[in-house]
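Engineer: everything below, folded, please.
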Amino acid sequence: MSEPVVAPLINHSGEVLRLDGVRKSFNLGTPLETEVLHGIDLRLCAGELVALIGPSGSGKSTLLNVIGLLDPPSSGELYLLGNPTRSIDDEARTRLRNEAIGFVFQFHHLISAFSVLDNVLMPLMIRHGRPSAAEIDLARGLLEEVGLGPYADKKPTQISGGQQQRVAIARALVTRPPLLLADEPTGNLDTRTAQSIFELFHRINAQFGCAVLVVTHDPRLAADCERTVQLVDGLIVSDESSASRS
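Structural biologist: Coordinates of the predicted model:
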């Protein structure tokens, strides 16, 4: 493989994410109160690629929202880069989420009126307005990394679904996050394209050193991850490394 166009992320050595006894309930204090997560303990370290699997209704989306600092836990604690997060205010939560986490969704949510390059730059433009020349170079380098350098000036509607998902991955990496969360990133893609996207996650994980947590329903893709965490009825029922599965 050739030398990377983009320098690797700063090596956030050791633990990136830790959940201690995390519970999440909805409709607190009402007759409809429902606990969805029942005491989750989870660790993710820099450079890990981990699959989160489980049946529909198992709490995967709720857990991802908690990990992504979109919803606070009802009890327990979530540490991101060593920072406790449950009691921080909304401003601090938003700042930490924007600085430390990249998101890739099943639906890539690209803005059709903007170019591929501007879509990648969007998190930086939201953060502080007009991007610098160095940031534009970074975004172009990321597009090279995901195989889309020649498409920088095209609109999302002019490229395929798999290519659009690659743009979304580049966009998630442009802030250089130590944690990348991917929610069913291949769910809308055919088998061959899904496999190529997953291979890209492997390459990004190895090259940039970020921790990657991927929610997937595809057991073949989950089997390619070094760890698989299974969630059933709001509880982690297994957490296995690829070595223990072989």
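
Engineer: now do the SS call for the spatially most central residue of the chain.
Structural biologist: Centroid check for the chain by C-alpha atoms, centre = their mean gives L181 as the closest residue, at 1.4 Å. Classification of L181 by DSSP: H, G, I helix; E, B strand; the rest coil places it in strand.

Engineer: do the one 5 residues further on as well
Structural biologist: Of the three states, T186 takes coil according to three-state DSSP.

Engineer: for the record, mean pLDDT for the helix ranked longest in the chain?
Structural biologist: When the chain is parsed with DSSP state H, its longest helix is helix 191-208. Throughout helix 191-208, pLDDT has a mean value of 80.

Engineer: next, the angle from it to strand 179-183.
Structural biologist: Orientation check (axes from the mean of the first three to the mean of the last three C-alpha atoms, to 10 degrees): helix 191-208 against strand 179-183 gives 170 degrees.

Engineer: what about the nearest residue to T175 once chain neighbours are set aside, which SS state?
Structural biologist: Distances taken as C-beta to C-beta, 6 or more residues apart in numbering place P123 nearest to T175, at 5.3 Å, with adjacent residues excluded. Backbone N, C-alpha and C define where each C-beta goes, glycine included. Assigned state for P123: helix (three-state reduction, three-state DSSP).

Engineer: now do the helices in the chain.
Structural biologist: Along the chain, counting by DSSP H, helices occupy 60-67, 90-100, 116-128, 133-145, 161-173, 191-208, 219-223, 242-245.

Engineer: okay, those helices in TSV with mean neighbour count and distance to V232 next?
Structural biologist: Formatted as TSV, the helices of the chain follow (neighbours: other C-beta atoms under 10 Å; distance: least, C-beta to C-beta, whole Å):
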stretch	mean neighbour count	distance to V232
helix 60-67	21	10
helix 90-100	14	27
helix 116-128	19	34
helix 133-145	18	36
helix 161-173	23	28
helix 191-208	17	23
helix 219-223	15	14
helix 242-245	11	18
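
Engineer: before we move on, back to that, so the residue nearest to T175 makes contact with L173?
Structural biologist: No: contact criterion C-beta atoms under 8 Å: P123 and L173 do not qualify, at 9.6 Å.

Engineer: picking up where we left off before, mean pLDDT for the helices of the chain: which is lowest?
Structural biologist: Among the helices of the chain, helix 242-245 carries the lowest mean pLDDT (a mean of 61).

Engineer: which residues touch the residue nearest to the centre of the chain?
Structural biologist: Neighbouring residues of L181 by C-beta atoms under 8 Å, 6 or more residues apart in numbering: L64, I67, G68, I101, G102, F103, V104, L213.

Engineer: pick out the lowest-pLDDT one from those.
Structural biologist: Among those, V104 has the weakest pLDDT, 85.

Engineer: name the nearest residue to it, ignoring sequence neighbours.
Structural biologist: Distances taken as C-beta to C-beta, 6+ apart place A182 nearest to V104, at 4.2 Å, with adjacent residues excluded.

Engineer: would you confirm that that neighbour contacts V214?
Structural biologist: Yes: using C-beta under 8 Å, A182 is in contact with V214, at 4.4 Å.

Engineer: which residues are in contact with each of those two?
Structural biologist: By C-beta under 8 Å, 6+ apart, A182 and V214 have these common neighbours: F201.
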